[in-house]
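Peer 1: sequence and predicted structure, then a few things I'm wondering about:
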Amino acid sequence: MAQVTWGRRVEKQLSKLPDYIVEKFRFWAALVEESGVREVRKSKGFHDEPLKGDRRGQRSVRLNRLYRAIYVETSNGELELIEVLEVNNHEY
């Protein structure tokens with residue numbers, strides 16, 4: 001069982017994004033809570049990947065070509081806590 005949490009900073013970021021991006025983010029969060037993050041990672045549609053450099057230990061999922069959700073996975077016994085750190089406009 002997994003639990004996805006995010007704080008006010010992420011809520012503020014979500015309020016400024018297009019509706020379809022927010023819907024995809026909430027869909028990803030619901031899938032993680034239902035199936036677990038390891039199962040959702042198998043889906044190629046989200047391009048879940050570990051980050052490097054200053055963001056080592058964090059992962060990202062693509063909400064589309066421009067936006068990503070950055071998260072950290074922690075393990076508390078049998079509960080996986082996925083804390084979403086930010087949703088941002090990924091600059092290439």
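Peer 2: Looks like it arrived, so ask away.

Peer 1: okay, CA-based contacts and neighbour counts for the rest of this
Peer 2: Will do.

Peer 1: now the most centrally placed residue in the chain, what's its secondary structure?
Peer 2: The chain has residue 69 as the residue nearest its centroid, 4.2 Å off, counting by C-alpha atoms, centre = their mean. The three-state label for residue 69, taken from DSSP: H, G, I helix; E, B strand; the rest coil, comes out as strand.

Peer 1: and the nearest residue in space to it that is not next to it in sequence, what is it in contact with?
Peer 2: Leaving aside its sequence neighbours, residue 69 sits nearest to residue 87 (C-alpha to C-alpha, 6 or more residues apart in numbering; 4.3 Å). For residue 87, the contact set (C-alpha atoms under 8 Å, 6 or more residues apart in numbering) comprises 10, 13, 14, 67, 68, 69, 70.

Peer 1: then residue 64?
Peer 2: Here residue 64 is in contact with residue 21 (criterion: C-alpha under 8 Å, 6+ apart).

Peer 1: and residue 85, which helix or strand is it part of?
Peer 2: In this assignment (DSSP states H and E), residue 85 forms part of strand 79-89.

Peer 1: and the lengthiest helix in the chain with strand 79-89, angle?
Peer 2: Secondary structure of the chain per DSSP state H: the longest helix is helix 19-35. Inter-element angle recorded for helix 19-35 and strand 79-89: 170 degrees (by axes from the mean of the first three to the mean of the last three C-alpha atoms, to 10 degrees).

Peer 1: what about helix 19-35, average pLDDT?
Peer 2: For helix 19-35, the mean pLDDT works out to 94.

Peer 1: what's it in contact with?
Peer 2: 1, 2, 3, 4, 14, 39, 40, 63, 64, 67, 69.

Peer 1: list just the nearest of the contacts of residue 87 to residue 50.
Peer 2: Closest to residue 50 out of these is residue 70 (9.6 Å), distances taken as C-alpha to C-alpha.

Peer 1: ok so, going back, now render the contacts of residue 87 as a markdown table, adding pLDDT and distance to residue 56.
Peer 2: Output for the contacts of residue 87, formatted as a markdown table (pLDDT from 0 to 100; distance: C-alpha to C-alpha, whole Å):
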| residue | pLDDT | distance to residue 56 |
| --- | --- | --- |
| 10 | 92 | 20 |
| 13 | 91 | 22 |
| 14 | 92 | 24 |
| 67 | 92 | 19 |
| 68 | 92 | 16 |
| 69 | 92 | 15 |
| 70 | 92 | 11 |
